[in-house]
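Asker: Attaching a predicted model along with its sequence, questions to come.
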Amino acid sequence: MSEITKNTEGSSAAPAAEDASAPHMPPVKPPMVQFKGILKKFGKVLAVEKTDLDIEEGSLVTLLGPSGCGKTTLLRMVAGLETPTEGDIFIKGKRINDVPIHQRNLGMIFQNYALFPHKSIYDNVAFGLKYRKIPKEEIREKVLRALEMVRLPGVEKRMPGQLSGGQQQRIALARAIVIEPDVLLMDEPLSALDENLREDMRREIDNLQQMLGVTTIFVTHDQREALSMSDKIVVMKNGKKQQEGVPEEVYNRPANHFVADFLGHSNFTSAVVQGREGNFVKVELETGNILLADAPGDWKEGEEVEVVVRAQRFEAMLQEEFSPDGQTNYFEGKIRDRSYMGGEVSYFIDMAGGKEVHVISMMRSRIYGIGNDVVVQVAPEHCHLLPLE
Amino acid sequence: MQNKSWKPWAMMAPSLSAVFLLLVIPVCFIVVYSFWLRAPTGADIPAFQFGNYAKFFEDFFYPSILIRTIRVALETVALCLVMGYIPAYFFYRSETRHKSLLLLLIMLPFWISFIIRTLSWINILGETGLINHLLLKFGILNEPLSLLYNEGAVLLGLIQYLLPFMILNVYVSLEGIDKSLLEAARSLGCTEWQAFREVTLPLSLPGVSAGCLLVFVLTAGTYLPPMILGGPGNDMIANLIFKRVIGTLDWPFGSAISVLLLALLGVIVFTYNRYLGINQVFKSLSS
Ligand SMILES: Nc1ncnc2c1ncn2[C@@H]1O[C@H](COP(=O)(O)OP(=O)(O)OP(=O)(O)O)[C@@H](O)[C@H]1O
Ligand SMILES: [Mg+2]
């Protein structure tokens, strides 16, 4: 447990405001959005535990986690739709806890689009501009440009009810970006769309965000969305931040069991550290096998740890075709079940020690059958150690 | 194409026959009666003539009652709208978990007979009623005020009867408004009041319009509040019908007035729905 807190604190930089005040440093631009010790309770329910989080200007940050982990609550506190019980929120270095919603200059995208059903598309998109004292001509220009940006020119006279779900969400996007918000807040904007549309829309949001360079907070419980579009992912569970980092880091170097389990398919097993061997840490698995892991950090001999290996990182091959000379990190087993998933195959393999291993194999070669005796192997750099929780 | 079209009719048959027996047939009787002659002896003679209708428009007396009815109904609608929207909005915004209890409170008056509720105003507004009693006791007045038997008292009686209908109609349509619309409006730069004007108010109009129609129609057909709380000059069209049919037993003339009222309300409801009513409700539901 102590290791994890060390990790997460290490990755979240010290508050930039303090850096800026240090005399020997050039002034650093504060993060666009900054949470400092934010905590939110609904009555007795602790929705968000004390959280610090920095969101850099122009980046797209996803809040990822299972249902009820407090993602929406965190987002709504930025918007001003919820008030933090404790802590401060800064936008562009300015504390905004007491700034009312309508003065925050944020764009919000909702799961259900939330277009005004009684207003035309034009009036929907122009809505925010109307409250910004912009001349009519300029409003018109901006609205038409925003509609072009979301690739829906010419719909301005229609009513929201006359558009499809995907089109409505694009109008909602136009309505939010046309006001040139400081931060774009999106709460599961894709989850009401069907599968095919979701992928298109995801890319569209991604492109638009990069083109405009608008700082974006994106809430989702879909790891694929998070991995594919984020500059930074914040994984949450039960109102607590578990890890934050770039997608590769969160995926490849999960900070704890939860993150490893939540993102992708992982195999877990407990082990005891035996010592070092070259650059690697040598551990004895609960099955008695020896495994080498490329695990930076301080691991003491005799320490109980958890080994994590992604299902995609295992290599499976037939026993008779495998020559063990000079090889490490291989284990024997028998395929108990498999499922064919188009581009890849999932094998469930019973290992000698009675453990089951999940292997996902890209179909470069042939597919092995149920009952085949196989060897699974994994390179040490794909074996991660976590302190036992 | 033909063979399946009877099915919905078969399913609606029980309710249709009930409507037919309980509504259409009696109305037909009234229509037929309205053409009959009334003999000087008091007997009704079957006939087909428009004398009863002509009598209504003979001089300004009867039409003026009709006009008054419409005026009072419009006043009631306006007052109910203002007095009903506010509590409905309050219920909608209230965060209490006991909303259903609040709504039950609105229904509470229905548990007491309408007549008793109307009569009770006599004890409050009368010369020896509560208000005058207090005003005299504290020496604010020397003479009791005459609060009863005027249009104000009639309106009071009508409002206490019809307000719940307005509140419920408005409340239901407010409750149907997606809260994220308000949040979207706020995030785009509206103050709370502006968001109300831009989103809540227009989207609650279907309920407002349904409530107004209901209150109007019910007021136009009611006779108890004017009878109990109004003076001789406050009669409404239903009082006139009541007096002709029950008082002077003039069924043909009473029927003719009823048919006129029915026709007038029919036209009003039809036009209203056409431009404001049901269509509006459907529109807001479909989007
Ligand atoms: N208005 C509220 N009143 C009381 N409890 C609330 C309220 N809003 C959220 N909660 C609670 O706070 C916790 C976090 O909720 P939140 O909506 O932030 O979760 P989430 O991560 O967005 O979940 P989901 O993926 O289901 O949307 C939950 O336990 C929820 O029950
Ligand atoms: Mg949520």
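Answerer: Looks like it came in fine. Quick caveat: nothing in here was measured; it's all calculated off a predicted structure. Ligands and ions are numbered 1, 2, ... in the order given.
Asker: how about the helices in the stretch 51-200 of chain B?
Answerer: B:51-56, B:61-93, B:99-107, B:114-125, B:130-137, B:151-175, B:179-187, B:192-195 (DSSP state H, counting those that start in this stretch).
Asker: Just list what the second one packs against, helices and strands only.
Answerer: Translated: helix B:61-93. Here helix B:61-93 touches helix B:51-56, helix B:99-107, helix B:151-175, helix B:201-220, helix B:237-242, helix B:251-275, going by 3 or more C-beta pairs under 8 Å, 6 or more residues apart in numbering or on different chains; DSSP states H and E. The C-beta positions use only the backbone N, C-alpha and C, and glycine is treated the same way.
Asker: Go ahead and confirm A:R158 touches A:S120.
Answerer: Yes - contact criterion C-beta atoms under 8 Å: A:R158 and A:S120 qualify, at 6.7 Å.
Asker: Tell me the backbone dihedrals of A:V283, please.
Answerer: phi -130, psi 150 (degrees, to the nearest 10).
Asker: again, but for B:T191
Answerer: Torsion angles, degrees, to the nearest 10, at B:T191: phi -70, psi 170.
Asker: tell me the contacts of the residue lying closest to it once chain neighbours are set aside?
Answerer: Leaving aside its chain neighbours, B:T191 sits nearest to A:H102 (5.6 Å; criterion: C-beta to C-beta, 6 or more residues apart in numbering or on different chains). Counting by C-beta atoms under 8 Å, 6 or more residues apart in numbering or on different chains, A:H102 touches A:Y131, B:R186, B:S187, B:L188, B:G189, B:C190, B:T191, B:Q194.
Asker: Quick check: of these, which has the highest neighbour count?
Answerer: Counting neighbours by other C-beta atoms under 10 Å in any protein chain shown, B:L188 comes out on top of the contacts of A:H102 with 30 neighbours.
Asker: tell me which element residue 31 falls in.
Answerer: With no chain named, the answer covers chain A. Under DSSP states H and E, no helix or strand contains A:P31.
Asker: Switch to chain B, please.
Answerer: helix B:25-33.
Asker: Quick check: which helices or strands does the next helix or strand after that helix pack against?
Answerer: Downstream of helix B:25-33, the next assigned helix or strand under DSSP H and E is strand B:37-38. Helices and strands touching strand B:37-38, by 3+ C-beta pairs under 8 Å, 6+ apart, are strand B:44-45, helix B:251-275.
Asker: Give me the angle between the last one and helix B:25-33.
Answerer: Pointing back at helix B:251-275 there. 120 degrees (axes from the mean of the first three to the mean of the last three C-alpha atoms, to 10 degrees).
Asker: can you list the residues that contact helix B:251-275?
Answerer: B:27, B:30-31, B:33-38, B:44, B:52-53, B:55-56, B:62, B:66, B:209, B:213, B:216-217, B:220-221, B:237-238, B:240-241, B:244-245, B:277, B:279.
Asker: Ok, the shortest one next?
Answerer: Where contact means C-beta under 8 Å, 6+ apart, the residues beyond strand B:44-45 that reach it are B:Y33, B:W36, B:L37, B:R38, B:A39, B:W251, B:P252.
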